[in-house]
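In: Sequence isn't available, so here's the structure alone:
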């Protein structure tokens, strides 16, 4: 599933085309994705201007003038493709390949951007686990967003806050990090990477970081910093690709993930002086990658 940095990369790719644009036409080629599309989906968007395109955790949030807020989730396999005369490309850089098969083009938006020629924005989703919903009132009160925790960006997520979130929790540290009610948008890949950077085992009891000891405070501070940094690094890498692409067809190129542990089972640990090898285990049905030597 796309994680926060990938969704933010999608947002940045769509923003120049969609923000400020007028939605001329909407074509829904099926009545549902993961959930049924909202009633009067096309008619409530057509003719309206997109005033802002934001993100909350792994959700894209499009504010529409005099209309509902459109909440989009990519699910497991969803992606947006932008087509303009003479160019086109999938918006987003993912660890796993995104489909470009037109048979899975489910929702199309024809838009007139503030600058540049008309464009078509296409949502493609082979597995149809993505969805598009409307928020009629305050977007943060929508059921999909209301229970989300703190964003793992900026400085709000510090050691003190992280310790308070984990205090008393008996679950594994990796499982706690994936709890979207605690930290919103942190997924499997970057949780593994952050734990490696902080030299903390994914098997450690989460509550050990919430204890009133110097060691616990140090672990919480290291992990909070690692989470912020790994997310920031991934967003920066995606953003750099968006700014610097030069392909004639307008595509973005590939985000070269610099994974230290994820999907690197059997590889030598990159921690200086560590002789360990990356191990893969399964936690709650998800693959976890870590070094059993330097992550304690």
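Out: Right, received. Where do you want to start? The structure displayed is predicted, hence computed values, not measured ones.

In: Mind splitting this protein into its structural domains?
Out: 4-141, 159-290 (automatic domain parsing).

In: Show me the one of these that comes nearest residue 296.
Out: domain 159-290 (5.6 Å; C-beta to C-beta). (Each C-beta comes from the backbone N, C-alpha and C, glycine too.)

In: Please work out the average pLDDT along the closest one.
Out: Averaged across domain 159-290, pLDDT comes to 87.

In: can you give me the offset of that domain from its chain's centre?
Out: In terms of C-alpha atoms, centre = their mean, to the nearest Å, the centre of domain 159-290 is found 14 Å from the chain centre.

In: End to end on that domain, go ahead and measure it.
Out: 22 Å (C-alpha to C-alpha, to the nearest Å).

In: And for stretch 101-116?
Out: Stretch 101-116: ends 26 Å apart by C-alpha to C-alpha.

In: Could you pull up the mean pLDDT of it?
Out: Across stretch 101-116, the average pLDDT comes to 92.

In: next one: stretch 5-19
Out: Here the average pLDDT along stretch 5-19 is 91.

In: Can you give me the buried ones in it?
Out: Within stretch 5-19, the residues that count as buried by 16 or more other C-beta atoms under 10 Å are 5-19.

In: In the stretch 1-150 of the chain, where is pLDDT below threshold?
Out: Where the stretch 1-150 of the chain drops to pLDDT under 70, the residues are 1, 85-100.

In: Okay, helices next: where are they in the protein?
Out: Counting by DSSP state H, the chain has helices at residues 4-18, 41-45, 159-166, 173-177, 188-197, 214-244.

In: right, and those helices - which one's nearest residue 143?
Out: helix 41-45 (18.2 Å).

In: Buried residues, the closest one. List them.
Out: 41, 42, 44, 45.

In: now swap in stretch 34-41 and tell me
Out: For stretch 34-41, by 16+ other C-beta under 10 Å, it's 34, 37, 38, 41.

In: How about the contacts made by the closest residue to residue 190 other than its chain neighbours?
Out: Leaving aside its sequence neighbours, residue 190 sits nearest to residue 230 (C-beta to C-beta, 6 or more residues apart in numbering; 5.3 Å). By C-beta atoms under 8 Å, 6 or more residues apart in numbering, the contact list for residue 230 reads 190, 193, 194, 197.

In: got the contact list for residue 232?
Out: residue 153.

In: brain fart, residue 225
Out: Counted by C-beta under 8 Å, 6+ apart, residue 225 has contacts 159, 198.

In: Bridged to the closest residue to residue 60 other than its chain neighbours, which residues?
Out: Closest residue to residue 60 apart from its sequence neighbours, by C-beta to C-beta, 6+ apart: residue 72 at 4.3 Å. Beta bridges link residue 72 to residue 60, residue 132, judged by DSSP bridges.

In: how about residue 72, what does it touch?
Out: Counting by C-beta under 8 Å, 6+ apart, residue 72 touches 59, 60, 61, 62, 123, 130, 131, 132.

In: now with 7 Å?
Out: By C-beta atoms under 7 Å, 6 or more residues apart in numbering, the residues touching residue 72 are 59, 60, 132.

In: Can you lay out those as JSON lines showing neighbour count?
Out: Formatted as JSON lines, these follow (neighbours: other C-beta atoms under 10 Å):
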{"residue": "59", "neighbour count": "23"}
{"residue": "60", "neighbour count": "21"}
{"residue": "132", "neighbour count": "23"}
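
In: From those, pick the one nearest residue 186.
Out: Nearest to residue 186 among these is residue 59, at 13.9 Å by C-beta to C-beta.

In: Do I have it right that that closest one meets residue 73?
Out: Yes - with contacts counted by C-beta atoms under 7 Å, residue 59 reaches residue 73, the gap being 5.5 Å.

In: Isn't residue 30 up against residue 106?
Out: Yes - contact criterion C-beta under 7 Å: residue 30 and residue 106 qualify, at 5.5 Å.

In: how about the contacts of residue 230 in TSV, adding distance to residue 77 and neighbour count?
Out: Formatted as TSV, these follow (distance: C-beta to C-beta, whole Å; neighbours: other C-beta atoms under 10 Å):
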residue	distance to residue 77	neighbour count
190	19	24
193	22	25
194	25	25
197	29	20
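
In: separation between residue 205 and residue 163?
Out: Per C-beta to C-beta, to the nearest Å, residue 205 is found 13 Å from residue 163.
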